[in-house]
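Chemist: Below is the sequence, then the predicted model.
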Amino acid sequence: MEVILFYFCGALMVIAGAMMVLSRNAVVAACWLIFAFINAAGIYATLSAPFLAVLQVLVYAGAIMVLFLFVVMMLQGPVLAGERRRLRPWLWPFLLLPPLAILLTVAGFLRRADNTSFPVAAPAGFGSAEQVAGLLLSRYLLAFELISIVLIVAIIGSLALGKVDRRQPWK
Amino acid sequence: MPLLWASLAKIVFMVLMILLLLVVLIWAERKGSAFIQDRTGPNRAQIGGVRLAGLIHPIADVFKLLFKEDVRPTNRHEALYTLAPFIVMVVALSTYAVIPFGDYIEIGATRIPLVVADLNVGILYVLAIASLGTYGVVMAGWASNNKYSFLGGVRAGAQMVSYEIAMGLAIMGLVMIFSTLRVTEMVAGQGELLWGFLPKWGVVVQPLGFLLFITAVFAETHRNPFDLPEGESEIVAGFHLEYSSMKFALFFMAEYAHLVVSGALIAALFFGGYQIPWLPRPLLQQHAGLILPLVMGVTVLVSARFAVLFFRRARRERGKFGDARDREPILMGLNCAFAALLVLLAFGLQPWRIGPSGASLFATLIQIGAFLTKVVFFAWLFIWVRWTLPRFRYDQLMALGWKVMIPLGLANLVVTALVLALIA
């Protein structure tokens, strides 16, 4: 069951990623990217990492992409803009790259047949919120605190950049 | 395999419960607003003279909306325009999966917990799904290709992103106190007593958290004091301006589904879920032979009283309308009398000699009833507030969200942590 779900989410994610690149409309591309994020969360969930899956949806699909979508919608103009354009001839060879990558991956899997099955079951409680929190606050405490400092610096930086001078409201 | 069937049954029960409550809520909104504004409200739709105080109206509405022409703007973005109402509805329904609506049902030796998915990350799942709800609204606003719709969509997006943070902070206090992310464990933890007499409900241990949470929920469902995405006096109808017939109905239904789910969430997190204060499950099960006949007796008395009232009304208002509506009080009275008789006959089954498995089932049913009562109360609270308070201005909304709610939420977290550290 989980294997089926894993491959289902994986296939949908590949399709969503391709559609994101191929769609001409920026808003539609953003929507496909959201769909890809949600499928990534599905992959995490089937790989017994439920906490990571929920955070993927909460942070990436839920919060960051809303802001992306805002910017795109504000800047894009009319809904039905954009004309069909041809791919430049010198780019045609690059069309072969994605199938080549898939072929290489499959070939790699087939050569090492013993790696294609996943015999190791995750121990109970693996990937739960408790375990992630325990690791973050013990083994990776330094990195965790450093990241929070980086985030605070980023917040202060964005506040300084976005600050409007009240005396010159047109600026 | 039986687990699969149990899950399916729970999902069907959950969806049916939301859809039925949704119909009742639409009725309650119309009738309740009429009550608050001193009007009569809906009372015209009837089936054979029976109007049920306007409860027939939702049925008529559904038929009207299903057969209405679907008017669509010419320059819409077809795919997103069609997809948006579905996303809104799916998000509204799927939040419910982690909220328990009862303790468990015992069948033989197996215990079936009455929650669709008891996730390890429970409450975070609610936040994650709620954050996806933004997209349906934003997409609807953009794909309609209308400036007012777009403004509504942008307003909804900004509002939901802002209040999500306060909502998360309010919940984190509860997570610290019950030291779990599972909603089921939180509800179970609220069955205990604090200092021996106070029920350990979320609202008792986290009063500020409750205020923050309920405010954030109002903003997330964009109900009245925060219904700026619709703001009919400023931007016509906001994000669903260009929707008609069943697509509009989906937005409308999703709003009330959101109310049911929010009511369930508030009840489960802050008001003990299915727990009845001072009446824990073992006590219920032990005295089932006493409580069940009591409940049945009260049911008989109430039904009989209503039957008497209806019959009196039928005599008083004989020939008032001069058509089929005159039959209504008689039919309703007969209905109530029949219900009273049925429960009276059930006394023949000797309910005071109920067995242990029956007592377990009875306790579960009583707890589901307690939960539904709380849900309906909070859903009614949403309606009550909508027809009482005026709408915020947009800058007031943003100022409240960022400058009041989030600092208060952070302070609440710090105080909670300090108190917990002092106790431990």
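Modeler: Cool, got the structure. Numbering: from 1, shown residues only, chains lettered A, B, ... in the order given.
Chemist: quick one: low-confidence parts of the chain?
Modeler: Assuming you mean chain A. A:76-85, A:112-125, A:164-171 (pLDDT under 70).
Chemist: was after chain B, sorry
Modeler: Across chain B, the ranges flagged by pLDDT under 70 are B:1.
Chemist: OK, contacts around whatever residue of it ends up closest to chain A?
Modeler: Proximity of chain B to chain A (C-beta to the nearest C-beta) peaks at B:Ser131, 2.7 Å away. To be clear about C-beta, it is placed using only N, CA and C from the backbone, and glycine gets the same treatment. By C-beta atoms under 8 Å, 6 or more residues apart in numbering or on different chains, the residues touching B:Ser131 are A:57-58, A:61-63, A:66, B:160, B:164.
Chemist: In helices, which of the residues you listed fall?
Modeler: In helices, defined here by DSSP state H, the members of the contacts of B:Ser131 are A:66, B:160, B:164.
Chemist: Kindly provide the distance from the first one to B:Ala156.
Modeler: In other words, A:Val66. 10 Å (C-beta to C-beta, to the nearest Å).
Chemist: residues shared between the contacts of those two?
Modeler: In contact with both A:Val66 and B:Ala156: B:134, B:138, using C-beta under 8 Å, 6+ apart.
Chemist: The two: which is more packed in?
Modeler: Shown here are A:Val66 and B:Ala156; by other C-beta atoms under 10 Å in any protein chain shown, B:Ala156 has more neighbours (26 against 21).
Chemist: hmm, the one helix or strand the more buried one maps to in reach of chain A?
Modeler: Assessed by DSSP states H and E, B:Ala156 sits inside helix B:147-178. Yes - with C-beta under 8 Å from any C-beta of the partner chain as the measure, helix B:147-178 is seen reaching chain A through B:150, B:153-154, B:157-158, B:160-161, B:164.
Chemist: Among these, which one has the most neighbours?
Modeler: Greatest neighbour count in the residues of helix B:147-178 next to chain A, by other C-beta under 10 Å, goes to B:Gly153: 30 neighbours.
Chemist: who touches it in this structure?
Modeler: Contact analysis of B:Gly153 by C-beta under 8 Å, 6+ apart lists A:73, B:137-142, B:229, B:238-239.
Chemist: B:Ile171: neighbour count?
Modeler: There are 26 residues near B:Ile171, going by other C-beta under 10 Å.
Chemist: Which one of the contacts of B:Ser131 is nearest to B:Leu25?
Modeler: Closest approach to B:Leu25 among the contacts of B:Ser131 (C-beta to C-beta): B:Met160, at 21.2 Å.
Chemist: Leaving aside the residues adjacent along the chain, what's closest to the closest one?
Modeler: Nearest residue to B:Met160 in three dimensions, chain neighbours excluded: B:Thr134, at 4.6 Å (C-beta to C-beta, 6 or more residues apart in numbering or on different chains).
Chemist: Can you get me a residue count around that neighbour?
Modeler: The burial count for B:Thr134: 26, using other C-beta under 10 Å.
Chemist: Get me the contact residues on chain A for chain B.
Modeler: So chain A meets chain B at A:25, A:27-28, A:31, A:34, A:38, A:50-51, A:53-55, A:57-58, A:61-63, A:66-67, A:69-70, A:73-74, A:78-80, A:128-129 (C-beta under 8 Å from any C-beta).
Chemist: what about burial for those, which qualify?
Modeler: The neighbour count (16 or more other C-beta atoms under 10 Å in any protein chain shown) marks A:25, A:27-28, A:31, A:34, A:38, A:50-51, A:53-55, A:57-58, A:61-63, A:66, A:69-70, A:73, A:79, A:128-129 as buried among the residues of chain A next to chain B.
Chemist: related to what we said a few turns ago, roughly how far apart are the residue of chain B closest to chain A and B:Phe101?
Modeler: Look at B:Ser131 and B:Phe101: by C-beta to C-beta, they are 24 Å apart.
Chemist: Also A:Val57?
Modeler: A:Val57 sits at a distance of 24 Å from B:Phe101 (criterion: C-beta to C-beta).
Chemist: what do you get for B:Met139?
Modeler: Distance, B:Met139 to B:Phe101, using C-beta to C-beta: 31 Å.
Chemist: Please enumerate the helices of the stretch 201-350 of chain B.
Modeler: Secondary structure of the stretch 201-350 of chain B (DSSP state H, counting those that start in this stretch): helices located at B:202-205, B:207-220, B:232-235, B:245-270, B:281-286, B:288-316, B:328-346.
Chemist: Which residues of the stretch 1-150 of chain B lie near chain A?
Modeler: So the stretch 1-150 of chain B meets chain A at B:75-77, B:79-80, B:119-121, B:124-125, B:127-129, B:131-132, B:134-135, B:138-139, B:142-143, B:145, B:150 (C-beta under 8 Å from any C-beta).
Chemist: ok, B:Phe392 - contacts?
Modeler: B:225-226, B:228, B:400.
Chemist: which two of the residues you listed lie the greatest distance from each other?
Modeler: Using C-beta to C-beta, the two most remote members of the contacts of B:Phe392 are B:Leu228 and B:Leu400, lying 11.9 Å apart.
Chemist: Which one of these two is surrounded by more residues?
Modeler: Neighbours were counted for B:Leu228 and for B:Leu400 using other C-beta under 10 Å; B:Leu228 has more, 24 against 19.
Chemist: Could you report the separation of the residue in chain A positioned nearest to chain B from B:Ala128?
Modeler: In chain A, the residue that lies nearest chain B is A:Gly62 (2.7 Å; C-beta to the nearest C-beta). Applying C-beta to C-beta, the value for A:Gly62 to B:Ala128 is 6 Å.
Chemist: now swap in B:Phe35 and tell me
Modeler: Counting by C-beta to C-beta - B:Phe35 and B:Ala128 are separated by 38 Å.
Chemist: Among the two, which residue is more densely surrounded?
Modeler: A count of neighbours by other C-beta under 10 Å puts B:Ala128 above the other of B:Phe35 and B:Ala128, at 22 against 13.
Chemist: Can you tell me how far that one is from A:Phe126?
Modeler: Computed as C-beta to C-beta, the B:Ala128 to A:Phe126 distance reads 20 Å.
Chemist: Count the neighbours of A:Val14 for me.
Modeler: Neighbour tally, A:Val14, other C-beta under 10 Å: 14.
Chemist: Pull out the buried positions in the helix or strand hosting it.
Modeler: Using DSSP H and E, A:Val14 sits in helix A:2-22. Going by neighbour count (16+ other C-beta under 10 Å), the buried part of helix A:2-22 is A:6, A:9, A:12-13, A:16-17, A:19-20.
Chemist: Now do the helices in chain A.
Modeler: So, for chain A - with DSSP H - the helices run A:2-22, A:26-46, A:50-55, A:65-76, A:97-111, A:129-136, A:141-162.
Chemist: Make a markdown table out of those helices and add distance to B:Thr416.
Modeler: Formatted as a markdown table, the helices of chain A follow (distance: least, C-beta to C-beta, whole Å):
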| stretch | distance to B:Thr416 |
| --- | --- |
| helix A:2-22 | 37 |
| helix A:26-46 | 29 |
| helix A:50-55 | 22 |
| helix A:65-76 | 29 |
| helix A:97-111 | 49 |
| helix A:129-136 | 17 |
| helix A:141-162 | 20 |
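Chemist: Select, out of the ones you listed, the one closest to B:Leu65.
Modeler: helix A:26-46 (26.9 Å).
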